[in-house]
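A.B. asks: need a structure here:
(chains A, B, C and D)
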There are 2 protein chains.
Amino acid sequence: METNKRKHGHITSVLLIDDHEMVRDGLKVMLLSLKKDIRLKVDEAASGEEALRKIARNDFDMAIIDYQMPELSGPETVCRIVRFKPAIKILALSNYDELAYIEGMMHAGANGFVLKNIGCGELLMAVRTVLSGNTYFCNSVALKIIDAGLDKKPHTGIHHKTITPRELEVLRLIAVGLTNDEIARKLFLSKRTIDTHRQNLLNKLGLKNTAGLVRAAYEMKLLD
Amino acid sequence: METNKRKHGHITSVLLIDDHEMVRDGLKVMLLSLKKDIRLKVDEAASGEEALRKIARNDFDMAIIDYQMPELSGPETVCRIVRFKPAIKILALSNYDELAYIEGMMHAGANGFVLKNIGCGELLMAVRTVLSGNTYFCNSVALKIIDAGLDKKPHTGIHHKTITPRELEVLRLIAVGLTNDEIARKLFLSKRTIDTHRQNLLNKLGLKNTAGLVRAAYEMKLLD
DNA sequence: TTTTAATTACGTGTAAACACGTATTTTTTG
DNA sequence: CAAAAAATACGTGTTTACACGTAATTAAAA
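C.D. replies: Numbering: from 1, shown residues only, chains lettered A, B, ... in the order given. Take a look at the predicted model:
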């Protein structure tokens, strides 16, 4: 059942998942601005947890999910949603067209991937495409995918070593400029522990120094 | 004339300046959601240039301006607006509470600085405060300012030392992950020269390590 | 043309990051 | 409950970054 059967009068319900109220509001405005062919009902969640709770209680046709969110990340959230309710169409949203994010979201089960800088028209196009059972990528994302030849090899997996919550926390602190020692004091841990986390981050992400880590943090939207 | 005299029926007109439609929409929703005490009229501009054009033609009471935008940056835009129409109150908007950005916007002439992750309530508070002729900072921003002792010395100017083209070039290479030695080889220079450039960058930008430099590079859009 | 800003470069020392291991404890999950 | 994953921590050594100076040459601006 790939195609979404929308009969007359059926109201398509969409769940917007993003930790920024501003982004949710922006999405909502765009979605509601051109509801000629699709009757939309929009709900919001400020976190992956809230999203899962809402999805457990209500029936949604689709979810629009930001890549980076505090507790539960975008890919994690997508993963749980598809395991829980495989019928829900998922459009991934991100600030950056980083290959790893695209891969992460798509592999988790998203049906499309668009950047936040798209306009209203393209957003609606993406929503329609995904709702109809197809896959949508915005331009630069599509280019990246082709460029990386991801369309050929199905699931080779780019890095896919999972970064643990603790590591993510450390990564963020590294990116804001703290030294291992400062992070250790902040988290009440040994400096050597942070040393290890840092090393593991470098290995898992395939990076070689602090600059790389900061870039990664940026791209994961850990800085705000 | 510090206080803004708003008489009954006066409609306060606000110009939202951000290159992301989504952000502008989000702001608009937030602003219009609680227009009990202030009657707002909201207009938008997707760039600094467009903003200046609109400001030249219409009278605005305030502008809400994102720090980073493609062509004309936030501070540049602010600078031109205040020189052009000093009466316009300006609220600076940013994703990050980096000291350099706060300084840049405030020094350019902004009347307040808030992060994009604020909620509706705080946004309105900020708007009201700024419109009434006072200065507003969201929490983390205020902390940074106090921490840096910016409130004491009025216009000592934190960085405002100009970053030279060569330094910019080095900064970019640092951010993409090269070591001083690698940069030196790439530019056919001594390692010590790059050492100096790096040090000067740290001093001029008021940063303390590589992480800070990478963040700076990101914000200056040197990467992507 | 003089003065200023930019680019280049070195000396010396300390602090921090990076690389490679190993290893225990705690938490999660099948 | 057993197995796997995550979080904790240490040892040792090398490399790189950071801090504080000084200073010559070159390009740009007043």
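
A.B. asks: ok, the most centrally placed residue in chain A - contacts?
C.D. replies: Chain A has A:Tyr67 as the residue nearest its centroid, 1.9 Å off, counting by CA atoms, centre = their mean. Applying CB atoms under 8 Å, 6 or more residues apart in numbering or on different chains to A:Tyr67 gives the contacts A:73-75, A:92-96, A:101, A:104-105, A:220-221. The C-beta positions use only the backbone N, C-alpha and C, and glycine is treated the same way.

A.B. asks: Next up, the contacts around the residue with the largest distance to the centre of chain A.
C.D. replies: Going by CA atoms, centre = their mean, the residue of chain A most distant from its centre is A:Ser190, 32.2 Å out. Residues counted as contacts of A:Ser190 (CB under 8 Å, 6+ apart) are A:Ala184.

A.B. asks: Please determine how far it is located from A:Gly74.
C.D. replies: Distance from A:Ser190 to A:Gly74, counting by CB to CB, to the nearest Å: 32 Å.

A.B. asks: packing partners for the helix or strand of chain A with the lowest mean pLDDT?
C.D. replies: The least trusted helix or strand in chain A, going by mean pLDDT, DSSP states H and E, turns out to be helix A:139-148, with a mean of 73. Judged by 3 or more CB pairs under 8 Å, 6 or more residues apart in numbering or on different chains; DSSP states H and E, helix A:139-148 is in contact with helix A:99-108, strand A:112-115.

A.B. asks: out of the ones you listed, deepest packed?
C.D. replies: strand A:112-115 (a mean of 24; mean count of other CB atoms under 10 Å in any protein chain shown).

A.B. asks: okay, now whichever residue of chain A sits closest to DNA strand D: neighbour count?
C.D. replies: Across chain A, no residue is closer to DNA strand D than A:Thr164, which sits at 2.5 Å (CB to the nearest atom of the strand). A count of neighbours around A:Thr164, defined by other CB atoms under 10 Å in any protein chain shown, yields 13.

A.B. asks: Would you mind measuring from it to A:Gly74?
C.D. replies: 16 Å.

A.B. asks: How about A:Gln199?
C.D. replies: A:Gln199 is 26 Å from A:Gly74, by CB to CB.

A.B. asks: re earlier: quick one: which of the contacts of A:Tyr67 is nearest to A:Glu44?
C.D. replies: Using CB to CB, A:Leu93 is the member of those that lies nearest A:Glu44, at 13.2 Å.

A.B. asks: on that earlier part again, the more surrounded of A:Gln199 and A:Gly74?
C.D. replies: A:Gly74 (26 against 10).

A.B. asks: Give me the distance between the more buried one and DNA strand C.
C.D. replies: Distance, A:Gly74 to DNA strand C, using CB to the nearest atom of the strand, to the nearest Å: 17 Å.

A.B. asks: contacting residues around that residue?
C.D. replies: A:48, A:65-68, A:92, A:94, A:101, A:104-105, A:108.

A.B. asks: Go through the residues you listed and name the one nearest DNA strand C.
C.D. replies: The nearest one, if we look at the contacts of A:Gly74 relative to DNA strand C and count by CB to the nearest atom of the strand, is A:Gly48, at 13.6 Å.

A.B. asks: who in chain A is up against DNA strand C?
C.D. replies: Applying CB under 7 Å from any atom of the strand, one finds that chain A approaches DNA strand C through A:174, A:179-181, A:195-196, A:198-199, A:202, A:208-210, A:213.

A.B. asks: From those, pick the one nearest A:Phe113.
C.D. replies: For the residues of chain A next to DNA strand C, the nearest to A:Phe113 is A:Leu213 (24.0 Å; CB to CB).

A.B. asks: isn't the closest one right up against A:Leu201?
C.D. replies: Yes. The pair A:Leu213 and A:Leu201 qualifies as a contact (CB atoms under 8 Å) at a distance of 6.1 Å.

A.B. asks: the more surrounded of these two?
C.D. replies: Using other CB under 10 Å as the criterion, A:Leu213 and A:Leu201 rank with A:Leu213 on top: 24 against 21.

A.B. asks: Where does the more buried one sit: helix, strand or coil?
C.D. replies: helix (DSSP: H, G, I helix; E, B strand; the rest coil).

A.B. asks: and chain A, what are its domains?
C.D. replies: As given by automatic domain parsing, the domain ranges for chain A are A:12-148, A:165-219.

A.B. asks: Report the mean per-residue pLDDT for the shortest one.
C.D. replies: Domain A:165-219 shows a mean pLDDT of 89 in the predicted model.

A.B. asks: what distance separates it from the middle of the whole chain?
C.D. replies: On the basis of CA atoms, centre = their mean, to the nearest Å, domain A:165-219 sits 21 Å off its chain's mean C-alpha point.

A.B. asks: do stretch A:23-39 as well
C.D. replies: Here stretch A:23-39 is found 20 Å from its chain centre; the criterion is CA atoms, centre = their mean.

A.B. asks: who touches the lengthiest helix in chain A?
C.D. replies: Taking DSSP state H as the criterion, chain A has its longest helix at helix A:191-205. Applying CB under 8 Å, 6+ apart, the contact partners of helix A:191-205 are A:159, A:161-163, A:166-167, A:170-171, A:174, A:180-181, A:183-184, A:187, A:207-209, A:212-213, A:216.

A.B. asks: what do you get if the cut-off is 6 Å, keeping everything else the same?
C.D. replies: With contacts defined as CB atoms under 6 Å, 6 or more residues apart in numbering or on different chains, helix A:191-205 is touched by A:161, A:163, A:167, A:170-171, A:180-181, A:183-184, A:216.

A.B. asks: Next up, the contacts around the closest residue to DNA strand C within chain A.
C.D. replies: Distances between chain A and DNA strand C by CB to the nearest atom of the strand are smallest at A:Asn209, namely 2.9 Å. When contacts are counted by CB under 6 Å, 6+ apart, A:Asn209 touches B:Gly177.

A.B. asks: Direction-wise, compare the helix or strand harbouring A:Ile90 with helix A:99-108 and give the angle.
C.D. replies: Element membership for A:Ile90 (DSSP states H and E) is strand A:89-94. For strand A:89-94 against helix A:99-108, the angle by axes from the mean of the first three to the mean of the last three CA atoms, to 10 degrees is 170 degrees.

A.B. asks: just to revisit the earlier point, can you list the residues of chain A next to DNA strand C in TSV and add distance to B:Lys54?
C.D. replies: Below are these laid out as TSV (distance: CB to CB, whole Å):
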residue	distance to B:Lys54
A:Ile174	42
A:Thr179	46
A:Asn180	49
A:Asp181	50
A:Asp195	53
A:Thr196	54
A:Arg198	48
A:Gln199	52
A:Leu202	48
A:Lys208	47
A:Asn209	45
A:Thr210	42
A:Leu213	41
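
A.B. asks: Having no further points to raise, I will conclude here.
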